[in-house]
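Asks: Everything below, folded, please.
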Amino acid sequence: MKKIFYCVVLIVVSSIVAVTYYYYPRTVSFEFVEEIPLPTNAFDRREYIGFDYVRSIDRLYFYLVEFYERIPYDDPKLKGYDRAFVQQLAEDFDFENYYYLITYQKTLSKLQYSPYLTKEKDDIYFDKRTPLIPTWNKAETDKVYIYRIKKNDHFRAPGP
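Replies: Prediction:
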């Protein structure tokens, strides 16, 4: 009789742990670093639901300068920053201890992850790194925000 009781208790406890692991979102702490003006008055990326996950100075240049240079048409909404401005900005960043998140015209409220959030809010199933799912503050602004998180190779930006 005791064996059956222990088996039932073990199954119930294991089920609770498994459900909690799958559904319960874990929070990743982040720190506000910098608020920068938009590159042009017409710049608009409010519809972008994610953020740019910057792991190095090269990626910082890509997201703030080179990405917009590769766009084949001349659209004032999609002009990037000046290289000198980004160089000055990068001098203050510590890429040895932190990764950086760039958000466009929205401020972060929370960063979370869990297997359930990954399944529901991420479309990149083949990348084994864990997507950080953002929760945004309601207000839209006319700034670009940069946050930092502790360096961790297990995280990435969420998919489209």
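Asks: from here on, contacts and neighbour counts on C-alpha atoms
Replies: Noted.
Asks: residue boundaries of the helices in the protein?
Replies: With DSSP state H, the ranges of helices along the chain come out as 2-23, 57-61, 67-69, 83-90, 115-121.
Asks: Go through the ones you listed and name the closest to Asp127.
Replies: For the helices of the chain, proximity to Asp127 was assessed by C-alpha to C-alpha; helix 115-121 is nearest, at 11.0 Å.
Asks: how far does stretch 125-139 stretch from start to finish?
Replies: Start-to-end span of stretch 125-139 (C-alpha to C-alpha, to the nearest Å) is 31 Å.
Asks: Run through who's touching that stretch.
Replies: Applying C-alpha atoms under 8 Å, 6 or more residues apart in numbering, the external contacts of stretch 125-139 come out as 50, 106-113, 117-118, 121-122, 153-159.
Asks: try it again with 6 Å
Replies: If you take C-alpha atoms under 6 Å, 6 or more residues apart in numbering as the criterion, stretch 125-139 is touched by 107-113, 154-158.
Asks: Looking at these, which are in strands?
Replies: Using DSSP state E, the members of the contacts of stretch 125-139 that fall within strands are 107-113, 155-156.
Asks: Which among those count as buried?
Replies: The neighbour-count criterion (16 or more other C-alpha atoms under 10 Å) marks 107-108, 111-113, 155-156 among the ones in strands among the contacts of stretch 125-139 as buried.
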